[in-house]
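Peer 1: Please work out how this folds:
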Amino acid sequence: MAAPRPDHISPQTAALDYDVIIIGAGLSGMYQLYRLRELGLRARVFEAGTGVGGTWYWNRYPGARFDSESYSYGFSFSKELLQEWDWSEHFAGQPETLRYCNHVADKFDLRRDIQFESRIAAAVYQDDSRSWEITLASGACHSCRFLITAIGPLSAPTLPRVEGRDDFKGQSFHTARWPKQPVDFAGRRVAVIGTGATGIQTIQTIASEVGHLTVFQRTANWAAPLHNGRIDADTQASIKAGYPEMFRRCQETFACFIHTPDPRGAFEVSDAEREAFYEKLYGERGFGIWQGNFRDILIDRKANATISDFVARKIRQRVKDQRVADKLIPKNHGFGTRRVPLETFYYEVYNRDNVELVDITDTPIETITPEGIRTSARDFQFDIIIYATGFDAITGSFDRIDVRGAGGARLREKWQHGPETYLGLMIDGFPNLMMLMGPHTALGNIPRSIEYSVDWVTGLLRFAQANGLTLLDATPEGTAGWTDHVKALGVGLLSNEVDSWMTGINRNVEGKQRRIVARYSGSAPAYRERCDAVAAKGYAELRLG
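Peer 2: So this is what the prediction gives:
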């Protein structure tokens, strides 16, 4: 049912079902809805799931939890919300985070404007009316002036391109489509395919429950200790008193974490000082070893080799069988050049008698059989197969919607050689479409970036509202300029020389075997400065009408 039409809505806009449609009810979608209500706009959120939470709704796999500190991850826009919510751990698990998302939805009465179990199949721009028509998978259609995507950079799960997946007679799950009911692992023969962040969290959590666990690894990943812990009453009080200072720090740091690179280079200190620094970081909570390390470890090969060698030594110390340890040490990329999973006793899992590691670069998986998995070396029998095989990242969630802009242009075709955006927020030729956490925007500690992007989009819509604008479009020149800027920022980064979701590589997706610059790699403060300048000049860089 369309929302009631306020008196201030023009007749042309009143003919539409909504002023704004938001795709997705994760953190981005919820906060955007909250801000749009302040503008008095008729907004509707369409969500494929049965509840709010986005990432934290879908990723229910064992061990799913934050790798950002809980208190730096939550919303900062409401002082009341900050004071009334108590995080129980420094890095909260998925159940607690989902409770938080539901608490936010309840506190701000968001559900009345969210339609659940409503997957968007198509979004088509209507040139004549300067509006968007969205079609749900059910066939229902809705119209709006402005369309905002809040679909996330990691929300389109992928399965391995292996024959026989549907033939397996046991239970099988992708980590991002985990069942809501508990899975019984007791005494079961379990396979986990994939050793990225979700694989690592799952493996270390279920190893002690299963009868036998076989891990199929294609690419070893560097991982570092999480050092999680409970938050006691005194620490809780300190955290709440320190929120203003902590959020200011997040605004100042490179990627919005509470950590920021050390100003020294790796070779500006003695060998002993460098080793002591690495030991200190390895013993501290969170991303400090990645985000708070020497300033040159992600751009200088020799500097990177020092931290890679250090972490490799740690892996060898923690894993008893040195043949297994060697398989767990990456050979094709340096520490930090892919997103670093944080772990708790992950490496010790491989010291258990009921855990086996299979390197599928040596013995590839040939097929999934009714009884389990066949590699080039042997047949395995399993009761449960877990696919920790990740996502069609950054652009994958867009590819799964038939998005057509002015003149019927297809977004898939426009982005076939890599994304092209304006500030990571808009796309020329796709008027009145804004993206939250789209390609080429600042990522890092995601909620901090979400709040900024939502506020920027809200400011643009406030400007349109005040000036009676019905068309907001990026220009080809603006898009080309920003895309070139993003590519230039990536020059010299070791991470852009590595196959990963951050460079657009996914061997399980057709056509995504070529590296692209899929993400903004500059600092978050520089990103905000650029976007703020556009707003300060009255959005003159946009095509307005």
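Peer 1: Phi, psi for residue 107 please.
Peer 2: phi -60, psi -40 (degrees, to the nearest 10).
Peer 1: Go ahead and confirm it touches residue 77.
Peer 2: No. Assessed by Cβ atoms under 8 Å, residue 107 is found out of contact with residue 77, at 11.7 Å. All C-beta atoms are positioned from the backbone trio N, CA, C, and that covers glycine.
Peer 1: quick one, what contacts residue 476?
Peer 2: Residue 476 makes contacts with 428, 429, as judged by Cβ atoms under 8 Å, 6 or more residues apart in numbering.
Peer 1: Over to residue 34?
Peer 2: 77, 108, 110.
Peer 1: cool, residue 474 as well?
Peer 2: Residue 474 makes contact with 421, 422, 426, 427, 428, 542, 543, according to Cβ under 8 Å, 6+ apart.
Peer 1: isn't the last one right up against residue 479?
Peer 2: So that's residue 543. No. When contacts are counted by Cβ under 8 Å, residue 543 is not listed as touching residue 479 (11.0 Å).
Peer 1: Those two: which has the busier surroundings?
Peer 2: residue 479 (21 against 15; other Cβ atoms under 10 Å).
Peer 1: In three-state terms, label residue 216 for me.
Peer 2: With DSSP: H, G, I helix; E, B strand; the rest coil as the basis, the three-state label of residue 216 is strand.
Peer 1: okay, now it: neighbour count?
Peer 2: Residue 216, neighbours per other Cβ under 10 Å, totals 27.
Peer 1: Now residue 176. Its backbone dihedrals?
Peer 2: According to degrees, to the nearest 10, residue 176 has phi -90, psi 0.
Peer 1: Just name the closest of the contacts of residue 34 to residue 339, please.
Peer 2: residue 77 (26.3 Å; Cβ to Cβ).
Peer 1: what kind of secondary structure is the residue nearest to residue 336 when sequence neighbours are not counted in?
Peer 2: Distance criterion Cβ to Cβ, 6 or more residues apart in numbering; nearest residue to residue 336, sequence neighbours excluded, is residue 290 at 5.1 Å. Put simply, residue 290 is helix when judged by three-state DSSP.
Peer 1: can you tell me how far residue 290 sits from residue 96?
Peer 2: For residue 290, the distance to residue 96 equals 24 Å [Cβ to Cβ, to the nearest Å].
Peer 1: now swap in residue 24 and tell me
Peer 2: From residue 24 to residue 96 the distance is 21 Å (Cβ to Cβ).
Peer 1: Those two: which is more packed in?
Peer 2: Remark: of residue 24 and residue 96, residue 24 carries more neighbours, 27 against 16, as counted by other Cβ under 10 Å.
Peer 1: And the residue lying closest to residue 469 once chain neighbours are set aside, how far from residue 127?
Peer 2: Leaving aside its sequence neighbours, residue 469 sits nearest to residue 544 (Cβ to Cβ, 6+ apart; 5.4 Å). Separation of residue 544 from residue 127 (Cβ to Cβ) stands at 16 Å.
Peer 1: Look at the two and report which has more neighbours.
Peer 2: Neighbour count, other Cβ under 10 Å: between residue 544 and residue 127, residue 544 has more, with 17 against 12.
Peer 1: Quick check: phi and psi on that one?
Peer 2: Residue torsions, per degrees, to the nearest 10, at residue 544 are phi -120, psi 150.
Peer 1: got it, and residue 46?
Peer 2: The phi/psi pair for residue 46 (degrees, to the nearest 10) is phi -110, psi 130.
Peer 1: For the closest residue to it other than its chain neighbours, grab the count of nearby residues.
Peer 2: Nearest non-adjacent residue to residue 46, counting by Cβ to Cβ, 6+ apart: residue 118, 4.3 Å away. Burial of residue 118 is recorded as 20 neighbouring residues (other Cβ under 10 Å).
Peer 1: And residue 348, by the same measure?
Peer 2: Residue 348: 15 neighbours (other Cβ under 10 Å).
Peer 1: out of the contacts of residue 474, which are buried?
Peer 2: By neighbour count, with 16 or more other Cβ atoms under 10 Å, those hold 421, 422, 426, 427, 428, 542 as buried.
Peer 1: Of the residues you listed, which belong to strands?
Peer 2: Among the buried ones among the contacts of residue 474, no member is found in strands (DSSP state E).
Peer 1: Now for this structure, the helix or strand with the poorest mean pLDDT.
Peer 2: helix 11-14 (a mean of 59; mean pLDDT, DSSP states H and E).
Peer 1: if I look at residue 114, how far off is residue 146?
Peer 2: 17 Å.
Peer 1: quick one: which of these two has more around it?
Peer 2: Set side by side, residue 114 and residue 146 show more neighbours around residue 146, with 27 against 21, by other Cβ under 10 Å.
Peer 1: which residues sit in contact with that one?
Peer 2: Residue 146 neighbours (Cβ under 8 Å, 6+ apart): 19, 20, 21, 132, 432, 433, 434, 461, 464, 472.
Peer 1: ok, now residue 86?
Peer 2: Contact analysis of residue 86 by Cβ under 8 Å, 6+ apart lists 231, 236.
Peer 1: Let's see that with 10 Å instead.
Peer 2: Taking Cβ atoms under 10 Å, 6 or more residues apart in numbering as the criterion, residue 86 is in contact with 70, 71, 96, 231, 233, 236, 239, 240.
Peer 1: Would you confirm that the third one contacts residue 70?
Peer 2: Same thing as residue 96. Yes. Look at residue 96 against residue 70 with Cβ atoms under 10 Å: they come within range, at 8.1 Å.
Peer 1: Report pLDDT for the residue nearest to residue 336.
Peer 2: At residue 290, the model reports a pLDDT of 95.
Peer 1: Likewise for the one 10 residues further on?
Peer 2: As predicted, residue 300 sits at a pLDDT of 96.
Peer 1: how close does it sit to residue 64?
Peer 2: When residue 300 is compared with residue 64 (using Cβ to Cβ), they lie 34 Å apart.
Peer 1: more crowded one of these two?
Peer 2: It is residue 64, of residue 300 and residue 64, that has more neighbours when counted by other Cβ under 10 Å, with 23 against 17.
Peer 1: Now the more buried one: closest residue in space, sequence neighbours ignored.
Peer 2: Nearest to residue 64 is residue 94, by Cβ to Cβ, 6+ apart, at 3.8 Å.
Peer 1: dump the residue contacts of residue 336.
Peer 2: Applying Cβ under 10 Å, 6+ apart, the residues contacting residue 336 are 222, 224, 287, 289-291, 293, 297-298, 304, 307-308, 311, 494-495.
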